[in-house]
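J.: Okay, predicted coordinates and the sequence, questions at the end:
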Amino acid sequence: MDMLSTLPRHLDTKDLSNDANSLNVTMPAAAAAAFQLSTNFLNATPVKTDQQILENSMLEDDPNANCQLATATDTKSICYDSQSSPRWGPQHKGAQELANLYSPAAMCGIITADFGSGLVHWAADTWGSVELPIVGKAFLRPFREHHIDPTSITRHDFIETNGDNFMVALPILAAVAFNFLTKSPADIQDHYPISAYLFLCSIFVAMTNQIHKWSHTYFGLPRWVLFLQDNHIILPRRHHRIHHVAPHETYFCITTGWLNWPLEKLRFWSGMENIIEYLFGCRPRADDFKWAQKSQ
C-alpha cells in the first residue's frame with residue numbers, strides 16, 4: 001500500500017514533495033509525510049508566542065528600562081510607575097540581595113593561608129637551630145631535613161604530613177560549624193563574610209603540607225590533583241622548584257604559591273632578613289648552611 005494514501009485528506013502530497021524539494025533532499029514518500037506533519041505540529045504549537053516573548057523578555061535595546069507591554073494587543077511598552085518594583089536591572093530587589101551575597105572574604109581566606117604558609121616556612125628555614133630545646137627537634141628539624149632530602153616528605157603518611165596543621169585548623173572549623181548549627185539564619189547572614197573567610201583559610205591551612213607533599217610527588221598523582229596544579233589553584237611542582245635552588249631564600253609560600261612572585265618583587269623576605277640581622281646580629285640560614293655542608 002502507498003504510504004501517501006494513509007495521510008489525512010487535508011494534506012496535499014504535492015505540497016509535501018515541494019517541501020522536500022526545497023530542502024534539496026530526496027525523500028521517500030513516508031519521510032516527506034513525516035516531515036510535513038512535524039512542521040505543521042511545530043507551527044501550530046509553538047513553545048512561546050511572539051507576544052509572550054515581547055511581554056516577558058528584557059528589551060535588548062534598553063535592558064534596564066524596566067518596561068513591560070500593557071496588553072496583549074498593545075505592543076507599545078509602558079514603564080512601571082515610581083511606586084512599583086522594577087522587573088529587572090540593578091534596582092531590582094532580588095538582584096540587589098544576590099549582589100550583596102558576594103564577598104571577597106573567601107578569597108582573602110585562601111590568600112591569608114598562602115601568606116601564613118610563607119611566613120612560617122621563611123621563619124623556620126631562616127632562623128633558629130636544631131639544637132634549640134623542644135622547638136629545635138620537633139619543629140625546625142623537618143625543615144633542615146627537607147632541604148637536604150626534598151623527597152623525604154613523600155615517604156610520610158597522612159598523619160605525619162598533616163597532623164600539625166590539622167591541629168591548628170580543626171578548632172576554627174569546629175567553631176564555624178557550631179555557629180552555623182546554633183545561630184539564627186539572620187545572624188548567619190550577618191556574619192557570613194567572616195565565616196567564609198575562616199572556613200576557607202582553615203581548609204587551606206589544614207591542607208598546606210599535603211599540597212606541599214604533592215609538589216614533590218612526580219608519579220601516581222590523581223588527575224584532579226594534576227588539574228589543580230596545572231591551573232595553579234594549588235602549588236604547582238615546577239613553581240616550587242624555584243625555592244629548592246640553594247640557598248633556599250625565596251618563594252616560601254607553599255599553599256597556592258600565588259604570593260611568591262609579588263613578595264619577591266617587593267623584596268619582602270630579604271627586607272625582613274636585613275632588618276632582623278641589623279637589629280639582632282643574626283645571620284640568615286646559618287643553621288641551614290651548617291647541615292647542608294655536612295659531609296660525614
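T.: Here it is on my side, so go on.

J.: C-alpha from now on. contacts and neighbour counts both.
T.: Noted.

J.: Name the residues that touch stretch 167-179?
T.: Contacts with stretch 167-179, where a contact means CA atoms under 8 Å, 6 or more residues apart in numbering, come from 188, 195, 198-199, 202-203, 205-206.

J.: Please tell me how far it is from the chain's geometric centre.
T.: Average the C-alpha atoms of stretch 167-179, do the same for its chain, and the two points are 22 Å apart (CA atoms, centre = their mean, to the nearest Å).

J.: What are the boundaries of the strands in the stretch 1-150 of the chain?
T.: Using DSSP state E, counting those that start in this stretch, the strands of the stretch 1-150 of the chain run over residues 67-69, 77-79.

J.: most centrally placed residue in the chain?
T.: Nearest to the mean C-alpha position of the chain, by CA atoms, centre = their mean, lies I233 at 7.6 Å.

J.: Touching, that residue and I254? I think so.
T.: No - shown here, I233 and I254 do not form a contact pair, counting by CA atoms under 8 Å, at 11.6 Å.

J.: Now stretch 201-210 - C-alpha only, PDB.
T.: What follows is stretch 201-210 as a C-alpha-only set of coordinates in PDB (Å, rounded to 0.1, in the frame of the first residue of the first chain):
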ATOM      1  CA  CYS A 201      41.500  29.900  55.400                       C
ATOM      2  CA  SER A 202      41.300  26.900  57.800                       C
ATOM      3  CA  ILE A 203      40.800  24.400  55.000                       C
ATOM      4  CA  PHE A 204      43.800  25.600  53.100                       C
ATOM      5  CA  VAL A 205      45.900  25.800  56.200                       C
ATOM      6  CA  ALA A 206      45.000  22.200  57.100                       C
ATOM      7  CA  MET A 207      45.900  21.000  53.600                       C
ATOM      8  CA  THR A 208      49.100  23.100  53.200                       C
ATOM      9  CA  ASN A 209      51.600  20.200  54.000                       C
ATOM     10  CA  GLN A 210      49.600  17.800  51.800                       C
END
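
J.: Next, the buried residues of it.
T.: Judged by neighbour count (16 or more other CA atoms under 10 Å), stretch 201-210 contains these buried residues: 201-210.

J.: go on, stretch 145-152?
T.: Judged by neighbour count (16+ other CA under 10 Å), stretch 145-152 contains these buried residues: 145, 147, 151.

J.: Also stretch 29-38?
T.: 29, 32-33, 35-36.

J.: Over to stretch 165-172?
T.: Taking 16+ other CA under 10 Å as the basis for neighbour counts, the residues of stretch 165-172 that come out buried are 165-166, 169, 172.

J.: do stretch 113-122 as well
T.: Neighbour-count burial for stretch 113-122, counted by 16+ other CA under 10 Å, picks out 113-118, 121-122.

J.: I'd like those residues laid out as JSON lines, including distance to H92 and pLDDT.
T.: Putting the buried residues of stretch 113-122 into JSON lines (distance: CA to CA, whole Å; pLDDT from 0 to 100) gives the following:
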{"residue": "A113", "distance to H92": "37", "pLDDT": "98"}
{"residue": "D114", "distance to H92": "38", "pLDDT": "98"}
{"residue": "F115", "distance to H92": "39", "pLDDT": "98"}
{"residue": "G116", "distance to H92": "40", "pLDDT": "98"}
{"residue": "S117", "distance to H92": "42", "pLDDT": "98"}
{"residue": "G118", "distance to H92": "44", "pLDDT": "98"}
{"residue": "H121", "distance to H92": "48", "pLDDT": "98"}
{"residue": "W122", "distance to H92": "49", "pLDDT": "98"}
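
J.: Which pair in those has the greatest spatial separation?
T.: Comparing all pairs in the buried residues of stretch 113-122 by CA to CA, the longest separation belongs to A113 and W122, at 14.0 Å.

J.: For H244, what are phi and psi?
T.: For H244, the backbone dihedrals are phi -90, psi 20 (criterion: degrees, to the nearest 10).

J.: so who does it touch?
T.: Residues in contact with H244, defined by CA under 8 Å, 6+ apart, are H147.

J.: ranges for the helices of the stretch 101-250 of the chain?
T.: Taking DSSP state H, counting those that start in this stretch as the criterion, the stretch 101-250 of the chain carries its helices at 105-126, 135, 141-148, 158-182, 185-190, 192-215, 223-230, 237-241.

J.: Can you tell me which of those is nearest to T49?
T.: Per CA to CA, nearest to T49 of the helices of the stretch 101-250 of the chain: helix 185-190, 41.1 Å.

J.: CA atoms only for that closest one - export them in CSV, please.
T.: Taking only C-alpha atoms (Å, rounded to 0.1, in the frame of the first residue of the first chain), the coordinates of helix 185-190 have been written out as CSV:
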residue,chain,number,x,y,z
PRO,A,185,19.5,32.5,59.7
ALA,A,186,19.7,36.3,60.2
ASP,A,187,22.8,36.0,62.4
ILE,A,188,24.4,33.6,59.9
GLN,A,189,23.8,36.0,57.1
ASP,A,190,25.2,38.9,59.1
